[in-house]
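Trainee: pasting the structure only:
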């Protein structure tokens, strides 16, 4: 009588992938992604800049963005360290300590849903991550569509300047290789700054006057630490009275924490920009 020898052989199963239970995040935007994925309990360490959601503040601090405390990270025994290319200089040092490292870009809007998917795969929650990514992409498209047929004002985004003396010289502005440029376009505006290889170039007051944007957005996420008020910052701009944005009272100061973090809350910034670029949108849609 013949026998099926194959059925008597033990089946060889691939070894299960070891699940990640302990994560150190070295970037605020990725910290927010982990929480958005519902995996915040796996975060054991974050940088001092990881302030959202509030629960992140209770995690073990591991230093700054560019100068993390490697000894503190090692003590936490993480299964994974996540960082963006801006702090990639620490990648080799972490790997040398035996820590798995994942570098996840957050330069463009498309990187945000991509980071949901990347972390979802690493954390073995791909279905949930895919739902979150699709939701983000759909919301982004819907918001952009809402303003796609409206008049597009020229816009300048100031991402940094000296706030101690109110000087408008040496403004750092968002160039066309940044997620801010993408947001301007999605919000129904045109970036007034010409194309440049520098992501955040500096511009003088004279150069600003030549560009003469219709709308200026001044980003000041550290408003309290610089000891200023929104009103005093707007007063700084009044010194450039020949600017169209100043004459027409279209200088806007944004101070929310999410304005400098290219993570899940970037849609909040997009909504803020839509409102100041198209202040009559609600009336027009009625």
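Mentor: Structure received. Remember, predicted model here, so these are calculated numbers, not experimental data. Residues are numbered from 1 along each chain as shown.
Trainee: after the host helix or strand of residue 210 comes which helix or strand?
Mentor: In this structure, residue 210 sits in helix 205-211 according to DSSP states H and E. Moving toward the C-terminus from helix 205-211, the next helix or strand (DSSP H and E) is strand 215-219.
Trainee: residues in contact with that next one?
Mentor: The contact list for strand 215-219 (Cβ atoms under 8 Å, 6 or more residues apart in numbering) reads 153-161, 189, 233, 237, 243, 245-246, 250-254, 259-260, 273, 276-277. Bear in mind the C-beta positions are built from the backbone N, C-alpha and C, glycine included.
Trainee: 6 Å instead, please
Mentor: 153, 155-159, 245, 250-254, 259, 277 (Cβ atoms under 6 Å, 6 or more residues apart in numbering).
Trainee: re earlier: could you give the average pLDDT over the helix holding residue 210?
Mentor: Summarised as a single mean, pLDDT over helix 205-211 is 94.
Trainee: what comes up buried for it?
Mentor: residue 208 (16 or more other Cβ atoms under 10 Å).
Trainee: Now do that helix: which elements does it pack against?
Mentor: Helices and strands touching helix 205-211, as assessed by 3 or more Cβ pairs under 6 Å, 6 or more residues apart in numbering; DSSP states H and E, are absent.
Trainee: Give me the distance from it to the chain's centre.
Mentor: Distance of helix 205-211 from its chain centroid, counting by Cα atoms, centre = their mean, to the nearest Å, is 28 Å.
Trainee: same check, this time on stretch 93-113
Mentor: Put simply, stretch 93-113 sits 14 Å off its chain's centre (Cα atoms, centre = their mean).
Trainee: For it, buried residues please.
Mentor: Those buried within stretch 93-113 under the rule 16+ other Cβ under 10 Å are 94, 99, 101-106, 109, 111-113.
Trainee: Give me the subset of the residues you listed that lies in helices.
Mentor: Counting by DSSP state H, the part of the buried residues of stretch 93-113 found in helices is 94, 111-113.
Trainee: Now distance to residue 174 and pLDDT too, for those residues, in CSV please.
Mentor: As requested, these are exported to CSV (distance: Cβ to Cβ, whole Å; pLDDT from 0 to 100):
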residue, distance to residue 174, pLDDT
94, 30, 93
111, 16, 96
112, 17, 97
113, 21, 98
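Trainee: Out of the residues you listed, flag the one nearest to residue 29.
Mentor: Nearest to residue 29 among those: residue 112, at 8.0 Å, using Cβ to Cβ.
Trainee: and for the longest strand seen in the chain, what are the contacting residues?
Mentor: Taking DSSP state E as the criterion, the chain has its longest strand at strand 154-160. Strand 154-160 has contacts (Cβ under 6 Å, 6+ apart) with 171-174, 180, 184, 189-190, 192, 200, 213-219.
Trainee: if you set the cut-off to 8 Å instead, what comes out?
Mentor: 171-174, 180, 184, 189-193, 200, 208, 211-219, 245, 260, 277.
Trainee: Buried ones among the residues you listed?
Mentor: 171-174, 180, 184, 189-193, 208, 212-219, 245, 260, 277.
Trainee: For the stretch 151-286 of the chain, which segments are assigned as helices?
Mentor: Per DSSP state H, counting those that start in this stretch, the stretch 151-286 of the chain carries helices over the ranges 179-186, 205-211, 230-237, 244-247, 266-277, 281-285.
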